[in-house]
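1. quick one: sequence plus predicted model below, questions after.
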Amino acid sequence: MRDDPERARLLTSLAERLGIEFSNLDLLDQALTHASSAGENEGPQYDYETLEFLGDAVLGLAVAQYLYEHVPDRTPGEYSRMRASVVNRRCLARIAQTLAFAPAIRLGKGEELAGGRQRIALLADCLESVVGAVFHDCGWETARAFIERTFVAELERATQSDRIWDFKSRLQHYCQAERIPLPVFVVVRSEGPDHLKEFEVEVQLRGEPVGCGTGLSKKEAEQNAARSALDHEGLLTGGSKYPLCESRLRP
C-alpha cells in the first residue's frame, strides 16, 4: 500500500472522515480488501476476513455494554433482541453506505463486475472489519467511542423500541383504561437446572386466562405472556411471535 500513493490518499481521507488516526494505515487497507482481489495486484496479499472476525466480537461487546448501561435491568433475552436489531446486516450495510466505504473497497475484477461493491453482505463485512482494524490499531476505548458515534441512531432506536416492547406495562395501562382489575401473572411451570431454568407464566384478566408465555426468567416469561394477552385482546398488529396457550384460554 505504501507503493500506491493514490490508495494511501483515499484511505487517509476515509480515516479522517471516520475520526480515527491510524498509526498503521495498512490495517485500514486490509479491512477494505476483499479476498477476490488476491493475485490481481502487486501489493500485500491479505483480505479483511480475520479483521471481520475480530470486529464482529468488538461490535457485539460495545453494543452490549451500551445497552446494559443505558437500558438497565433487562433480561438476557431482551438485551439479545435489542442488540440484534442494531448489528443485523442490513443495518451495517446502511451505515457502510453512509460512510461511503464503497469507493475504498478493493475488489477482484469478477466481484467488481458482479456488483460486489454494493452487496449488502460485503458492505456489512467491511464495516465489521473496519471496527476490527480500529480496535487492533487504537484499542478498546477508541473502538467503543467510534461504534457509539457511528451507530448513534440505531442505538437510540433500540432503546426507544425497548420502551415500546414493555408489554406488561401496556397491558396494565389497558386494564386501567378499561377500569378492570390489573392482570394477574401466575407461574404454571418451571423446569430445568437452576442455571438454565425455563418458566411458563399464565396471565389472567377478569379472572380468566388470556395468554401465556415462556422465558429463561420469570420477568421474560411475564413479558411474553403479556404480549400474548394483548394479542388475544386484539391490541397488537401483525400477530404475535408468542403463541397463545389454547388449552388454557377461554373459547
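-> Thanks, I have it. Residues are numbered from 1 along each chain as shown.
2. grab the nearest non-local neighbour of residue 219.
-> In space, and not counting its chain neighbours, residue 219 is closest to residue 75: 5.5 Å by CB to CB, 6 or more residues apart in numbering. In short, each C-beta sits where N, CA and C put it, glycine included.
3. actually, residue 197.
-> Per CB to CB, 6+ apart, closest to residue 197 is residue 190, 5.8 Å.
4. check the average confidence over stretch 71-91, would you?
-> In this model, stretch 71-91 has a mean pLDDT of 85.
5. follow-up on the earlier one: OK, contacts around the residue nearest to residue 197?
-> 197, 198, 199, 200 (CB atoms under 8 Å, 6 or more residues apart in numbering).
6. could you look up the SS state of it?
-> Under DSSP: H, G, I helix; E, B strand; the rest coil, the three-state class of residue 190 is strand.
7. which of the contacts of residue 190 sits closest to residue 108?
-> residue 198 (48.2 Å; CB to CB).
8. so which elements touch the biggest helix by length in the chain?
-> Secondary structure of the chain per DSSP state H: the longest helix is helix 49-70. Helices and strands touching helix 49-70, by 3 or more CB pairs under 8 Å, 6 or more residues apart in numbering; DSSP states H and E, are helix 25-31, helix 76-87, helix 120-138, helix 140-150, helix 152-164.
9. redo those helices as JSON lines? Include distance to residue 228 and mean neighbour count.
-> Output for those, formatted as JSON lines (distance: least, CB to CB, whole Å; neighbours: other CB atoms under 10 Å):
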{"stretch": "helix 25-31", "distance to residue 228": "44", "mean neighbour count": "23"}
{"stretch": "helix 76-87", "distance to residue 228": "15", "mean neighbour count": "17"}
{"stretch": "helix 120-138", "distance to residue 228": "33", "mean neighbour count": "23"}
{"stretch": "helix 140-150", "distance to residue 228": "35", "mean neighbour count": "17"}
{"stretch": "helix 152-164", "distance to residue 228": "17", "mean neighbour count": "14"}
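10. and these as TSV, adding distance to residue 9?
-> What follows is those, written out as TSV (distance: least, CB to CB, whole Å):
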stretch	distance to residue 9
helix 25-31	11
helix 76-87	31
helix 120-138	18
helix 140-150	22
helix 152-164	28
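11. could you list the low-pLDDT ranges of the stretch 1-150 of the chain?
-> 1-2, 39-44 (pLDDT under 70).
12. quick one, phi/psi of the closest residue to residue 105 other than its chain neighbours?
-> Nearest residue to residue 105, sequence neighbours excluded (CB to CB, 6+ apart): residue 32, at 5.0 Å. Note on residue 32: its backbone torsions stand at phi -120, psi 30 [degrees, to the nearest 10].
13. run a quick neighbour tally on residue 32.
-> Using other CB atoms under 10 Å, residue 32 has 25 neighbouring residues.
14. residue 9 now?
-> Considering only other CB under 10 Å, residue 9 is surrounded by 10 other residues.
15. hmm, back to that, pretty sure the residue nearest to residue 219 sits against residue 220.
-> Yes - here residue 75 reaches residue 220: they are 4.3 Å apart, a contact under CB atoms under 8 Å.
16. between the two, which one's more packed in?
-> In this view residue 75 and residue 220 are compared by other CB under 10 Å, and residue 220 has more residues nearby, 20 against 16.
17. output the host helix or strand of the more buried one in CSV with nothing but the alpha carbons.
-> Using DSSP states H and E, the element containing residue 220 is helix 218-232. The C-alpha trace of helix 218-232 is given here as CSV (Å, rounded to 0.1, in the frame of the first residue of the first chain):
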residue,chain,number,x,y,z
LYS,A,218,-40.0,-15.0,35.4
LYS,A,219,-39.7,-11.5,34.1
GLU,A,220,-39.2,-12.6,30.5
ALA,A,221,-42.0,-15.1,30.7
GLU,A,222,-44.3,-12.4,32.1
GLN,A,223,-43.4,-10.1,29.2
ASN,A,224,-44.2,-12.8,26.7
ALA,A,225,-47.4,-13.7,28.5
ALA,A,226,-48.5,-10.0,28.4
ARG,A,227,-47.8,-9.9,24.7
SER,A,228,-49.9,-13.0,24.2
ALA,A,229,-52.7,-11.4,26.2
LEU,A,230,-52.5,-8.1,24.2
ASP,A,231,-52.8,-10.1,21.0
HIS,A,232,-55.7,-12.1,22.4
